[in-house]
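Engineer: Show me the folded form of this:
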Amino acid sequence: MIRIFTSPALRETLSELERQQLVKDFKAYVGGDFRPNFGRDVAYDHANTPRKVLFHQVRHLHLFDPGKPWEREAPPFRKTSDHHLVYCTGLIDESCYLLMAILSPEAHQKARNSAIMERLGLMAEQFRTRY
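Structural biologist: Numbering: from 1, shown residues only. Next up is the predicted model:
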């Protein structure tokens with residue numbers, strides 16, 4: 001059974017309605033359903049990525065940006081934006097997911113900020129230790 005958790009940081013960022021919709025959409029997405037607002041889904045793996053982020057397989061999902069529409073028929077891998085949903089799976093139970101943060105705007109720049117990424121790595125470590 002897929003279980004979705006949200007971090008305190010994400011809960012502070014979104015309204016309760018927005019959070020519920022994001023959880024619903026993400027659960028459908030990881031269950032295999034197409035979601036038009038979700039694009040490329042990849043791990044953080046650039047040269048300066050902190051070791052904890054790499055080790056705990058922190059990922060980011062590109063979110064639709066109405067200011068820069070995607071090609072309608074493009075495959076998800078080609079759908080990129082500067083708005084990212086950051087998440088990880090459980091270590092013991094990979095059907096558990098933690099939605100950690102939305103990096104927006106300038107997600108790529110924020111992903112190069114070691115302080116931000118170290119916090120995300122620590123958050124993933126704590127979640128994966130439990131799940």
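
Engineer: Quick one: classify the closest residue to residue 76 other than its chain neighbours as helix, strand or coil.
Structural biologist: The shortest distance from residue 76 to any non-neighbouring residue, by CB to CB, 6 or more residues apart in numbering, is to residue 39 (5.6 Å). All C-beta spots, glycine's among them, are computed from the backbone N, C-alpha and C. Classification of residue 39 by DSSP: H, G, I helix; E, B strand; the rest coil places it in strand.

Engineer: Contact partners for residue 39?
Structural biologist: 61, 62, 63, 64, 70, 76, 77, 78, 79, 80, 81 (CB atoms under 8 Å, 6 or more residues apart in numbering).

Engineer: now those as a markdown table including secondary structure, distance to residue 35 and neighbour count?
Structural biologist: Shown next, in a markdown table, are the contacts of residue 39 (DSSP: H, G, I helix; E, B strand; the rest coil; distance: CB to CB, whole Å; neighbours: other CB atoms under 10 Å):
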| residue | secondary structure | distance to residue 35 | neighbour count |
| --- | --- | --- | --- |
| 61 | strand | 9 | 23 |
| 62 | strand | 12 | 23 |
| 63 | strand | 10 | 20 |
| 64 | coil | 9 | 16 |
| 70 | coil | 12 | 17 |
| 76 | helix | 9 | 17 |
| 77 | helix | 14 | 11 |
| 78 | helix | 15 | 12 |
| 79 | coil | 11 | 20 |
| 80 | coil | 15 | 18 |
| 81 | coil | 14 | 21 |
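
Engineer: I'd like those residues laid out as CSV, including pLDDT and distance to residue 27.
Structural biologist: Below are the contacts of residue 39 laid out as CSV (pLDDT from 0 to 100; distance: CB to CB, whole Å):
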residue, pLDDT, distance to residue 27
61, 98, 13
62, 97, 18
63, 96, 16
64, 93, 18
70, 86, 22
76, 87, 17
77, 88, 21
78, 91, 24
79, 92, 20
80, 93, 23
81, 94, 21
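
Engineer: ok, those vs residue 111, which is closest?
Structural biologist: Ranked by distance to residue 111 (CB to CB), the contacts of residue 39 are led by residue 62 at 11.7 Å.

Engineer: Cheers, nothing more for now.
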